[in-house]
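J.: Show me how the following folds:
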Amino acid sequence: MLLQMKHVAVNVLCPLCNTDRESICHVLVSCSFAQACWHRLGIGCIPTPQGIFSSWLSSILSLYSREKRQWAVMLLWALWKSRNDLVWQQRGSEVDEVIVLAKTVLNQWISAQDRSFDLSMGLVTQTDGSEH
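T.: Got it, this is the predicted structure:
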């Protein structure tokens, strides 16, 4: 783990399950907490070949539909954020919170990509829509 090489005191066990050694593949795919998130999201999760995250991600990107790929990427981000919140801020998350975060951020991202977005003319100012 990179933090250990830099002499940052961190536990070698996965902070989400505290049972297996932490690795990117474990935290995002095979951890019992991550598995619960994958199943709750409803898109399932394919097994990791030899525990290699890049191989697993390539499989996801080639096997899943565009919509499932978007959900998968957002869930990966939400799991990583949840892990970091637990490690650095001692703030744990429930499975449902991780799913809500992934869905919220994906919906915001999709909305931000929508080029047909049209503000109501009654609310428009020169700076409205600049964030969109």
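
J.: can you list the weak-confidence ranges in the protein?
T.: 1-9, 117-132 (pLDDT under 70).

J.: Go again with 90.
T.: 1-12, 43-52, 111-132 (pLDDT under 90).

J.: how many other residues sit next to Arg83?
T.: Residues near Arg83, counting by other CB atoms under 10 Å, number 22. C-beta: built from backbone N, CA, C; applies to glycine.

J.: nope, Ile60 is what I was after
T.: By other CB under 10 Å, the residues close to Ile60 number 18.

J.: What residue, apart from its backbone neighbours, is nearest it spatially?
T.: Ala72 (5.3 Å; CB to CB, 6 or more residues apart in numbering).

J.: Go ahead and confirm Arg83 touches Val27.
T.: Yes. Counting by CB atoms under 8 Å, Arg83 touches Val27, with 5.4 Å between them.

J.: Next, show the common contact partners of these two.
T.: Shared contacts of Arg83 and Val27, defined by CB atoms under 8 Å, 6 or more residues apart in numbering, comprise Leu16.

J.: how near is Cys31 to Ser62?
T.: Plainly put, Cys31 is 23 Å away from Ser62 if you go by CB to CB, to the nearest Å.

J.: With neighbour numbers in mind, choose between these two.
T.: Using other CB under 10 Å, the more surrounded residue of Cys31 and Ser62 is Cys31, with 23 against 8.

J.: In contact with the more buried one, which residues?
T.: Cys31 neighbours (CB under 8 Å, 6+ apart): 14, 16-17, 20.

J.: Show only the entries of the residues you listed found in strands.
T.: If you go by DSSP state E, the contacts of Cys31 have nothing in strands.

J.: Restricted to buried residues, select those in ChimeraX.
T.: Those of the contacts of Cys31 that count as buried under 16 or more other CB atoms under 10 Å are selected in ChimeraX with:
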select :14,16,17
